[in-house]
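Asks: structure here, sequence nowhere to be found:
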């Protein structure tokens with residue numbers, strides 16, 4: 001390339017493609033699939049190359065759109081593709097050799113072969129494989145927008161945070177076994193188990209890179225959002241509060257809540273009048289509890305939204321002239337306030353948490369927050385800002401949904 005060609009290239013605008021990723025989550029039956037389809041259809045109409053993705057074994061995308069959606073990207077309409085991800089197939093593709101190796105190690109220790117294979121299926125591997133599929137689209141930038149119809153809240157949350165855990169386990173395995181891969185004959189009697197192959201080490205290093213990319217994608221407020229879908233009832237409200245709390249704690253941006261299946265106004269003597277009064281009470285509670293998070297209302301339609309024309313009409317009613325891919329809200333997962341050279345305050349957002357169900361522990365350069373929930377005890381590892389490394393944790397206070405951590409420099 002000569003200088004003239006080089007200068008011409010400099011004058012040419014460079015298009016930087018930023019993939020927008022939107023996850024819809026909520027309690028089962030709230031309408032996640034329908035609203036995911038509506039968002040994707042509206043996005044495609046606006047000219048974005050859009051992919052609609054689901055890993056629901058019930059194949060609900062196929063039912064909602066009224067067209068076949070398979071395991072390969074299927075063209076649905078102009079600018080719109082859909083794919084149904086089979087988590088088991090993805091897990092086999094990404095982790096079959098690792099699970100095979102772990103099973104062989106367990107077998108060498110005397111564990112029954114059948115049981116060894118059961119144990120080797122690491123927690124969350126199938127779910128993580130689905131998320132790695134999202135990471136793949138994020139990496140190759142084939143689409144402008146990916147809309148993910150995710151599994152019900154509790155399971156979705158567990159899966160969203162497995163990458164960090166799995167990454168730490170894999171790193172430990174690699175650090176222990178990598179030096180032994182070229183010493184197979186010697187290593188087996190030393191460690192009492194067959195060492196992993198070089199090929200497995202290479203594959204796991206690649207998976208670790210994907211997990212790191214996935215974590216970066218999920219916590220990037222400029223590209224990724226989770227949207228909460230609920231119905232106006234007590235169970236949905238409770239579920240959404242827990243979901244919002246944990247997503248905030250893990251540093252994932254929630255930009256919008258949608259209350260679905262709201263019954264339109266009817267006469268006082270109508271059969272549905274009591275339901276409407278009850279729904280209005282819960283809608284008011286949603287606004288009160290989720291503030292300042294934006295909320296949209298979608299009415300209960302006369303019939304199920306089960307084909308593209310109906311979904312497009314509902315999408316126009318829900319989003320109006322808005323771009324449904326826009327980021328409606330950005331919350332700050334962590335704020336650092338430097339009070340003096342000797343004292344720093346770190347503030348984490350944990351809406352709806354109570355001091356009775358929370359424990360905080362400082363371990364080196366990380367903070368471990370334990371939450372007791374109805375889904376069990378959840379432990380979160382939060383990397384602390386560099387400024388706190390030479391300080392000790394003096395106290396932790398929970399004030400109005402904010403966890404205030406005070407660090408002081410020792411004398």
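Replies: Arrived safely. Everything numeric in this text was worked out from a predicted model, so none of it was measured. Numbers count the residues shown, from 1 in each chain.
Asks: ok, residue 356 - contacts?
Replies: By CB atoms under 8 Å, 6 or more residues apart in numbering, residue 356 lies in contact with nothing. C-beta coordinates here come from the backbone N, C-alpha and C atoms, glycine included.
Asks: and it, its phi and psi?
Replies: phi -70, psi -30 (degrees, to the nearest 10).
Asks: how near is residue 230 to residue 335?
Replies: Applying CB to CB, to the nearest Å, the value for residue 230 to residue 335 is 28 Å.
Asks: cool, and residue 386?
Replies: 15 Å.
Asks: out of those two, which sits in the busier spot?
Replies: More neighbours surround residue 335 than the other of residue 386 and residue 335, with 12 against 9 (other CB atoms under 10 Å).
Asks: can you check the pLDDT for the residue nearest to the more buried one when sequence neighbours are not counted?
Replies: Computed as CB to CB, 6 or more residues apart in numbering, the closest residue to residue 335 that is not its neighbour in sequence is residue 347, at 4.4 Å. If you check residue 347, the pLDDT there is 87.
Asks: next: the one 3 residues further on.
Replies: Looking at residue 350, its pLDDT is 75.
Asks: could you report the neighbour count for it?
Replies: Residue 350 - counted by other CB under 10 Å - has 21 other residues nearby.
Asks: does it touch residue 251 like I think?
Replies: No - contact criterion CB atoms under 8 Å: residue 350 and residue 251 do not qualify, at 11.3 Å.
Asks: just the strands from the stretch 201-350 of the chain, written as ranges.
Replies: In the stretch 201-350 of the chain, the strands defined using DSSP state E, counting those that start in this stretch lie at 224-230, 254-262, 295-299, 334-338, 343-349.
Asks: may I see these arranged in a markdown table, with distance to residue 363 as well?
Replies: Shown next, in a markdown table, are the strands of the stretch 201-350 of the chain (distance: least, CB to CB, whole Å):
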| stretch | distance to residue 363 |
| --- | --- |
| strand 224-230 | 28 |
| strand 254-262 | 28 |
| strand 295-299 | 38 |
| strand 334-338 | 17 |
| strand 343-349 | 15 |
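Asks: most tightly surrounded among those strands?
Replies: Stretch with highest mean neighbour count among the strands of the stretch 201-350 of the chain: strand 224-230 (a mean of 26; mean count of other CB atoms under 10 Å).
Asks: in its sheet, what does that strand sit against?
Replies: With DSSP bridges as the test, strand 224-230 is paired with strand 20-25 (parallel), strand 254-262 (parallel).
Asks: okay if I get those as TSV plus mean pLDDT?
Replies: As requested, the strands paired with strand 224-230 are exported to TSV (pLDDT from 0 to 100):
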stretch	mean pLDDT
strand 20-25	93
strand 254-262	95
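Asks: now tabulate the ones you listed in a markdown table and tack on distance to residue 34.
Replies: Listed next are those as a markdown table, based on distance: least, CB to CB, whole Å:
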| stretch | distance to residue 34 |
| --- | --- |
| strand 20-25 | 10 |
| strand 254-262 | 8 |
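Asks: for residue 408, which of those strands is the nearest?
Replies: Of all the strands paired with strand 224-230, strand 254-262 sits nearest to residue 408, with 32.4 Å by CB to CB.
Asks: in contact with residue 143, which residues?
Replies: 19, 48, 49, 50, 51, 81, 137.
Asks: and the second one, what does it touch?
Replies: With contact set as CB under 8 Å, 6+ apart, residue 48 has these partners: 20, 79, 143, 144, 145, 325.
Asks: pLDDT score for the nearest residue to the fourth one once chain neighbours are set aside?
Replies: Which is residue 144. Sequence neighbours aside, residue 48 is the residue nearest to residue 144 in space, at 4.1 Å (criterion: CB to CB, 6+ apart). On pLDDT, residue 48 comes in at 96.
Asks: does residue 48 belong to a helix, a strand or coil?
Replies: Look at residue 48: counting by DSSP: H, G, I helix; E, B strand; the rest coil, its state is coil.
Asks: with the one 5 residues further on instead?
Replies: Here residue 53 is recorded as strand under three-state DSSP.
Asks: neighbours around it, how many?
Replies: Residue 53 sits with 26 neighbouring residues when counted by other CB under 10 Å.
Asks: my read: it touches residue 146, true?
Replies: Yes - contact criterion CB under 8 Å: residue 53 and residue 146 qualify, at 6.2 Å.
Asks: name the residues contacting each of these two.
Replies: Joint contacts of residue 53 and residue 146 (CB under 8 Å, 6+ apart) are 134, 137.
Asks: and residue 84, what does it touch?
Replies: Contacts of residue 84 (CB under 8 Å, 6+ apart): 53, 54, 55, 56, 59, 61, 62, 69, 70, 71.
Asks: identify, from the residues you listed, the entry nearest to residue 368.
Replies: Nearest to residue 368 among those, with distances taken as CB to CB, is residue 55, at 29.7 Å.
Asks: for that closest one, give its distance to residue 243.
Replies: 18 Å.
Asks: from residue 310, how far off is the closest residue to residue 349 other than its chain neighbours?
Replies: Of all residues not flanking residue 349 in the chain, residue 248 sits nearest, at 4.4 Å (CB to CB, 6+ apart). According to CB to CB, residue 248 stands 34 Å off from residue 310.
Asks: so between the two, which is more surrounded?
Replies: Neighbour totals were compared for residue 248 and residue 310, and residue 248 leads with 23 against 18 (other CB under 10 Å).
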